[in-house]
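Quick one, structure for this:
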Amino acid sequence: SPFVLFLGWGDEITWVQTYEEGLYQAKKSNKPLMVIHHLEDCQYCQALKKAFAENEEIQEMAQNNFIMLNLMHETTDKNLSPDGQYVPRIMFVDPSLTVRADITGRYSNRLYTYEPQDMMFLIENMKKALRLIQTEL
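Numbers count the residues shown, from 1 in each chain. Model prediction:
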């Protein structure tokens, strides 16, 4: 099952299978899409996965407020790699299907990178994604 690849990020999270399905669900449910790019053999991804899975607030929002997509390969959509194809990276797409370039991490050289110690920052960005939907749509 392809779902085995997503184990470790949060067992209660429902994952969509493709970016296209994610966009469809985001539009249909009026929830933001959260895209996690990672690779199985990347130690930074493994560390991020652990911190992500152990954070209750992130897990609750991921389960209830977001459409969740886990990508272990690059999509052809250049909007998902505006500053390169590094991993891990976490990006937000709003229900109007806009990749949010205004929701970034702490590092100017890799805008969408989060490190294990950045979970409070990621929580703020998840809340920001939810707020933007309410104010813009």
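
What are the boundaries of the strands in the chain?
Counting by DSSP state E, the segments of the chain that form strands are 15-16, 33-37, 67-71, 89-93.

Direction included, what does the first one pair against?
Strand 15-16 has these partner strands in its sheet, going by DSSP bridges: strand 67-71 (parallel).

just for the protein, where's the confidence low?
Low-confidence segments of the chain, defined by pLDDT under 70: 1-6, 136-137.

max-length helix in it?
Counting by DSSP state H, the longest helix found in the chain is helix 119-136.

Could you dump the strands of the chain into CSV and include mean neighbour count?
The way it works is simple: take the backbone N, C-alpha and C, and place the C-beta from them, glycine included. Formatted as CSV, the strands of the chain follow (neighbours: other C-beta atoms under 10 Å):
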stretch, mean neighbour count
strand 15-16, 18
strand 33-37, 24
strand 67-71, 22
strand 89-93, 24
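
Could you point out which of those sits nearest residue 46?
strand 33-37 (12.7 Å; C-beta to C-beta).

just checking, what packs against that closest one?
helix 19-29, strand 67-71, strand 89-93 (3 or more C-beta pairs under 8 Å, 6 or more residues apart in numbering; DSSP states H and E).

quick one, the second one and helix 19-29 angle?
Read it as strand 67-71. Computed by axes from the mean of the first three to the mean of the last three C-alpha atoms, to 10 degrees, the angle separating strand 67-71 from helix 19-29 equals 170 degrees.

quick revisit: mind putting the strands of the chain in TSV, distance to residue 110 included?
Formatted as TSV, the strands of the chain follow (distance: least, C-beta to C-beta, whole Å):
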stretch	distance to residue 110
strand 15-16	24
strand 33-37	11
strand 67-71	16
strand 89-93	7
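
Of all those, which one is nearest residue 82?
Nearest to residue 82, of the strands of the chain and by C-beta to C-beta, is strand 89-93 at 8.7 Å.

Please put the alpha-carbon coordinates of that closest one into PDB.
Below are the C-alpha coordinates for strand 89-93, written out as PDB (Å, rounded to 0.1, in the frame of the first residue of the first chain):
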ATOM      1  CA  ARG A  89       9.900  21.300   2.400                       C
ATOM      2  CA  ILE A  90       6.400  22.200   3.400                       C
ATOM      3  CA  MET A  91       4.100  24.300   1.300                       C
ATOM      4  CA  PHE A  92       0.600  25.600   1.600                       C
ATOM      5  CA  VAL A  93      -2.000  25.900  -1.300                       C
END
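
Good, wrapping up.
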